[in-house]
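In: The following block contains a protein sequence and its predicted model.
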Amino acid sequence: MNVQEHITLRAVTLPSGYQLPEDAPTNRLLMDLGHTVMSAATADEALRLLRDDLADILVVDVSDSAENRQLIDRLGELPADSRPRELAIFTEDSDDRFRKLRAVVAPSHVHVFLKPLHMHGLLNVLRRLESESSQTSVA
């Protein structure tokens, strides 16, 4: 029998302003999948976490949170090697400035997910990251 090694991703999350990190569905999902989750309470804390330790994915809920939107704008300030591989933005409305982010936060891949279907999109990103990490660890 072949036992497949579980790939653990490092995630930084910034839930919307009205959610406690332990109540955020994103954090529960990531932890249930066996990933390491570092949850930030503020945009400054999220930036510090990204600077201190390389993250595979940053998940930011910008719904009803001007501070979380500012984090998105400030990601370009990080050195390229401190940026996450993937950036997942949860929003309730379409925002044209998210389309311009790809150039600003490269080499991060940007994904914008509209609520309420955001968790399905995040699962697809996580599966792809796990697959890529698994192939990298085998090589």
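Out: Right, received. Where do you want to start?
In: helices and strands around the helix or strand hosting residue 70, which ones?
Out: Assigned by DSSP states H and E, residue 70 belongs to helix 66-74. If you count contacts as 3 or more C-beta pairs under 8 Å, 6 or more residues apart in numbering; DSSP states H and E, helix 66-74 packs onto helix 43-52, strand 57-61. C-betas here are computed from N, CA, C, even on glycine.
In: Buried residues in it, which are they?
Out: Using 16 or more other C-beta atoms under 10 Å as the burial criterion, the residues of helix 66-74 that qualify are 68, 69, 71, 72.
In: Ends of stretch 70-89, what's the gap?
Out: End-to-end distance of stretch 70-89 (C-alpha to C-alpha, to the nearest Å): 12 Å.
In: Counting neighbours, what do you get for residue 125?
Out: 19 (other C-beta atoms under 10 Å).
In: what's the angle between the helix or strand harbouring it and strand 57-61?
Out: Using DSSP H and E, residue 125 maps to helix 118-138. With axes from the mean of the first three to the mean of the last three C-alpha atoms, to 10 degrees applied, the angle from helix 118-138 to strand 57-61 works out at 170 degrees.
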